[in-house]
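Colleague: sequence first, then the predicted structure, then my questions.
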Amino acid sequence: MRHRLLPHPLLTLVLVGIWLLLNNTFAPGHVVLGLILGWAIPMFTVRFWPERVSINRPLLLLRFIAVVLWDIVVANLAVAWLIVGRPQSLRPAFLAVPLVLKSDLAIGLLANTICLTPGTVSAQLSEDRRFLLVHALDAADGDAVIAEIKRRYEQPLKEVFESC
């Protein structure tokens, strides 16, 4: 019964938090509106979620979020330096990243994380879902870029969202 009334409790909390951060206030009206939106959005979108989300290691998820935020800041500076400093030395490349992830949610989060990090873009998921095509702005060593994506992003997502 609880799942029908509150289908995604964690998403509800995240949406309320985002609402309050975007409005930059904890006024009672905004808290109530945030709670209503945090309840209604998951309630009306529940049929679009293909699988039940279970978080196996919540502390690792928080660490993953911190790593991604740090990487976004560092990559912004690195890309700015590459563009302003020496754009002629860029070595762009498409890289096929082999995937061990199986769930739609984990693969989607990986692809979006790669897109959020400046200098890399997820381009295509193979039909058999075993490879993710990634474009890197500067990939002198493609294998090192792939290894970093797998270590920093894919492995934590596997531990958090898929049973190992």
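Modeller: Arrived safely, thanks for sending.
Colleague: quick one: residues contacting Ile72.
Modeller: Residues near Ile72 by CB atoms under 8 Å, 6 or more residues apart in numbering: 116-118. Just so you know, the C-beta spots here come from the backbone N, C-alpha and C atoms, and that holds for glycine as well.
Colleague: between the residues you listed, which is nearest Ile18?
Modeller: The closest of those to Ile18 turns out to be Leu116 (CB to CB; 15.5 Å).
Colleague: Val67 is in contact with that closest one, correct?
Modeller: No. Counting by CB atoms under 8 Å, Leu116 does not reach Val67; the two are 11.8 Å apart.
Colleague: quick check: Ser122 is in a strand.
Modeller: Yes. If the criterion is DSSP: H, G, I helix; E, B strand; the rest coil, then Ser122 is within a strand.
Colleague: distance of it relative to Arg47?
Modeller: 26 Å (CB to CB, to the nearest Å).
Colleague: between these two, which is the more surrounded one?
Modeller: Ser122 (20 against 7; other CB atoms under 10 Å).
Colleague: from Asp138, how far out is the more buried one?
Modeller: Distance of Ser122 to Asp138, given as CB to CB: 17 Å.
Colleague: then Leu99?
Modeller: In this structure, Leu99 and Asp138 are 23 Å apart, going by CB to CB.
Colleague: how about the helices in this structure?
Modeller: 2-5, 9-23, 28-45, 58-85, 104-116, 142-149, 155-161 (DSSP state H).
Colleague: with mean pLDDT and distance to Arg129 added, can I get those in TSV?
Modeller: As requested, the helices of the chain are exported to TSV (pLDDT from 0 to 100; distance: least, CB to CB, whole Å):
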stretch	mean pLDDT	distance to Arg129
helix 2-5	66	27
helix 9-23	88	24
helix 28-45	90	23
helix 58-85	91	21
helix 104-116	92	7
helix 142-149	94	16
helix 155-161	93	14
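Colleague: out of those helices, indicate the one that is most buried.
Modeller: helix 155-161 (a mean of 20; mean count of other CB atoms under 10 Å).
Colleague: name the nearest residue to Leu132, sequence neighbours excluded.
Modeller: Among residues not flanking Leu132 along the chain, Val97 sits closest, at 4.6 Å (CB to CB, 6 or more residues apart in numbering).
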